[in-house]
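**Student:** Could you look at this predicted model? Sequence included:
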Amino acid sequence: MAARKPTFNQHVLIDTTPLPDSIPKVKELGATSAPLMSASFFIGARCKDYNDDFMQCKTENPGKGEFECLKEGRRVTRCARSVIDDINKSCLEQFRTHWNCLEMQNHQLWQCRPAEWKLNKCVFENLGLEKTIPDQPKNSTPVHLRPRQIYANRMIIDKPYIPGEKQPASSS
Amino acid sequence: MPQDMPPKGGYDAVQYKRNLPASPFRPRTLLLGMGLIMTYGWYKLIKGIREQNEYAREKMWSRIHLIPALQAEEDRDLVRRHLADQAREKELLGENIKVYNSDRYVRPTFAATPSVTK
């Protein structure tokens, strides 16, 4: 049964022909799901206009958007990449802690609030990007700023970081 | 033969009453207590459901912020493959045949596996 050697053909299934030179090159994001999820709200905060442009272009060119929207697509990628680069430059440690936590916790954001608050603090102080979740009910605390997460497996001891509010001098 | 008669002094009394202890609560108290427990349960349930809704919203928006970047990358890849296919077709057949009766881009069902790629 197991005498046959495993043969993989995935490497021949990929067409590696590069884009023609008439289309400008752009460096791809190159981040996996957990870092992307961790940085998503900051990407949204900085790149909202580019993202909206791209999505509008895709909507206005049904069936041809792949070709018509290359320019907008490059802008989107460049912007998202700049956010991730900036976070890597100034908040690498907090970023890593947070996305590693997400990776371990099945990408459940509510399990990683302490790490997230530290990341939010660092990003807000260094890059000025703030995490906001649109369309939340007005009369309650935004879910990512609640000191108690009902569904979290572990009790949270840390205090949430609210941008612009005076923080009690806390260590770490 | 003499008839079978009841014993002298009659039969013993038949016990048809159950001498169970009375409930420690009156029905009204019981109902009230049940109501309180139910109210607490519903309170926790609604609170939990609302929190879950917020988690779902958060997850949705995190994805919404990412979709353009992911889609842009995918589109570039599709364009690259499409142009490579077209070039290959031109080289092999001499011309590009229009397969579909529309200008829409159709995602290819089959992938070409060129033996030599640069």
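**Tutor:** On my side now, so go ahead. Numbering: from 1, shown residues only, chains lettered A, B, ... in the order given.
**Student:** SS state for B:Lys111?
**Tutor:** Just so we're on the same page, residue B:111 is Ala rather than Lys. What DSSP: H, G, I helix; E, B strand; the rest coil gives for B:Ala111 is coil.
**Student:** my read: it touches B:Leu78, true?
**Tutor:** No. B:Ala111 lies out of contact with B:Leu78 (Cβ atoms under 8 Å); the separation is 11.4 Å. Just so you know, the C-beta spots here come from the backbone N, C-alpha and C atoms, and that holds for glycine as well.
**Student:** okay, those two: which has more neighbours?
**Tutor:** B:Leu78 (15 against 11; other Cβ atoms under 10 Å in any protein chain shown).
**Student:** mind checking how far the more buried one is from A:Asn139?
**Tutor:** Plainly put, B:Leu78 is 45 Å away from A:Asn139 if you go by Cβ to Cβ, to the nearest Å.
**Student:** Could you do B:Gly41 as well?
**Tutor:** Look at B:Gly41 and A:Asn139: by Cβ to Cβ, they are 23 Å apart.
**Student:** likewise B:Glu89?
**Tutor:** As defined by Cβ to Cβ, B:Glu89 lies at a distance of 61 Å from A:Asn139.
**Student:** Run a quick neighbour tally on B:Arg107.
**Tutor:** The number of residues packed near B:Arg107 is 8, by other Cβ under 10 Å.
**Student:** Spatially nearest residue to it, not counting backbone neighbours?
**Tutor:** Counting by Cβ to Cβ, 6 or more residues apart in numbering or on different chains, B:Leu78 is the residue found nearest to B:Arg107 once chain neighbours are left out, at 6.8 Å.
**Student:** Three-state assignment for the one you found, please.
**Tutor:** helix.
**Student:** wait, it sits on A:Gly65?
**Tutor:** No. Counting by Cβ under 8 Å, B:Leu78 does not reach A:Gly65; the two are 10.2 Å apart.
**Student:** what touches both of the two?
**Tutor:** Both B:Leu78 and A:Gly65 are in contact with B:Tyr105, where contact means Cβ atoms under 8 Å, 6 or more residues apart in numbering or on different chains.
**Student:** before we move on, the earlier item: who's more crowded, B:Gly41 and A:Asn139?
**Tutor:** Counted by other Cβ under 10 Å, B:Gly41 and A:Asn139 do not tie: B:Gly41 has more neighbours, with 10 against 5.
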